[in-house]
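> here are the coordinates; sequence isn't available:
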């Protein structure tokens, strides 16, 4: 009776889930791949040399990048409704989804705590070593990786009534005892949502209070403002991406364990579960906002690389226009350079202060 009820209601939501997942992953793949790939390159190669509090950002970008790499397989399945890659790869992609979610939650929380503590205790922050962040990151990966292991096991192909050509949302859920279901929900909600949410709200609130004090120097006030903006972005990403899933998760477990037998509630819960998982995947495109807008070194490095690329294209264009006189070449090159410097000055005028309006003055001096 329960199986027939579950099958009927699930069939009614299958097309909606497949269309939503496929569309979402197609939209997220290219931006997520480019944003996190560039972020990892810039953070690991340039920013880490100048910025002490960047280890958590690197780990956050790595978690997002790993999830993005699994999206093509998800797109293939939801478009073709067929999984030819075997059970292990299915479970591994399923595992990466939740590993990314809870690792991102942990690293967003760590970024918020670190920003708050560094601004609250600046002298102690100077003694903080980068290896402490690295050790804490390793511990997070170990704990989160172990905690997420039961999730793909609960959704293994062996628990589904269908063939092994199914994966992801079409997998069945193993029936648990009432005690095991309650324990799973309580642990996941407390450790993966309630505690991080409380910490992020506390850091946001304390930073807001700190900004309201008017006895700080201008430079320190600017640092506080930047820290407040980063914590605010962490809170926004957390609320947008992870709150809907964890609000719906207890009801989803009740539905999957057949504790709720109303078909309307069943279908509504599965619909919202699909939407919440898509919002959770959105974090791979929202997290790079932290790196670009809130880390000055990251922004400057992107600016430098972009300017160099534009200058290289202009130089290549000049060299390909044919044989011209040395005077004409110098005049054309100077015009291109002036146009480029004028454009870049509008984006970052502080980088050209004191140069006299040209890029050659600093060299001449």
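Noted; the coordinates are in hand. Only a predicted model underlies this, so the values are computations on that prediction, with no experimental measurement involved.
> ranges for the helices of the stretch 51-200 of the chain?
Under the criterion DSSP state H, counting those that start in this stretch, the stretch 51-200 of the chain contains helices at 55-80, 87-120, 122-126, 130-148, 150-154, 178-189, 195-211.
> Redo those helices as CSV? Include mean pLDDT and distance to residue 279.
All C-beta atoms are positioned from the backbone trio N, CA, C, and that covers glycine. What follows is these, written out as CSV (pLDDT from 0 to 100; distance: least, C-beta to C-beta, whole Å):
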stretch, mean pLDDT, distance to residue 279
helix 55-80, 93, 14
helix 87-120, 90, 11
helix 122-126, 75, 34
helix 130-148, 93, 19
helix 150-154, 83, 18
helix 178-189, 89, 17
helix 195-211, 89, 15
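> looking at these, which is closest to residue 230?
Distance to residue 230, taken as C-beta to C-beta, is lowest for helix 87-120 among the helices of the stretch 51-200 of the chain, at 5.3 Å.
> Could you tell me the angle between that closest one and helix 55-80?
Put simply, helix 87-120 runs at 150 degrees to helix 55-80, going by axes from the mean of the first three to the mean of the last three C-alpha atoms, to 10 degrees.
> I'd like to know which elements helix 87-120 is packed against.
Secondary-structure packing of helix 87-120 (3 or more C-beta pairs under 8 Å, 6 or more residues apart in numbering; DSSP states H and E): helix 55-80, helix 122-126, helix 130-148, helix 150-154, helix 195-211, helix 218-256, helix 263-281, helix 283-286.
> Now do the buried residues in it.
Of the residues in helix 87-120, those buried by neighbour count under the rule 16 or more other C-beta atoms under 10 Å are 90-91, 93-119.
> can you check stretch 231-247 too?
Going by neighbour count (16+ other C-beta under 10 Å), the buried part of stretch 231-247 is 231-235, 237-238, 241-242, 244-246.
> check contacts around residue 176.
Counting by C-beta atoms under 8 Å, 6 or more residues apart in numbering, residue 176 makes contact with 154, 184, 257.
> ok, back up a step: between the helices of the stretch 51-200 of the chain, which gets nearest to residue 38?
So among those, helix 55-80 is nearest, using C-beta to C-beta, at 9.4 Å.
> Against which helices or strands is the lengthiest helix in the chain packed?
Longest helix of the chain, by residue count under DSSP state H: helix 2-45. If you count contacts as 3+ C-beta pairs under 8 Å, 6+ apart, helix 2-45 packs onto helix 55-80, helix 263-281, helix 283-286, helix 288-294, helix 296-319.
> and with 10 Å instead?
With contacts taken as 3 or more C-beta pairs under 10 Å, 6 or more residues apart in numbering; DSSP states H and E, helix 2-45 sits against helix 55-80, helix 218-256, helix 263-281, helix 283-286, helix 288-294, helix 296-319.
> quick revisit: closest to residue 287 out of the helices of the stretch 51-200 of the chain?
In terms of C-beta to C-beta, the element of the helices of the stretch 51-200 of the chain nearest to residue 287 is helix 55-80, at 5.5 Å.
> Now the closest one: buried residues?
Neighbour-count burial for helix 55-80 flags 55-65, 67-71, 73-78 (criterion: 16+ other C-beta under 10 Å).
> quick one: residue 72 and residue 140, what's the gap?
Counting by C-beta to C-beta, to the nearest Å, the separation of residue 72 from residue 140 is 27 Å.
> before we move on, back to that, can you lay out the helices and strands packed on helix 87-120 as JSON lines showing distance to residue 86?
JSON lines is the format used below for the helices and strands packed on helix 87-120 (distance: least, C-beta to C-beta, whole Å):
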{"stretch": "helix 55-80", "distance to residue 86": "11"}
{"stretch": "helix 122-126", "distance to residue 86": "48"}
{"stretch": "helix 130-148", "distance to residue 86": "20"}
{"stretch": "helix 150-154", "distance to residue 86": "13"}
{"stretch": "helix 195-211", "distance to residue 86": "34"}
{"stretch": "helix 218-256", "distance to residue 86": "24"}
{"stretch": "helix 263-281", "distance to residue 86": "23"}
{"stretch": "helix 283-286", "distance to residue 86": "25"}
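> I appreciate the help and will end here.
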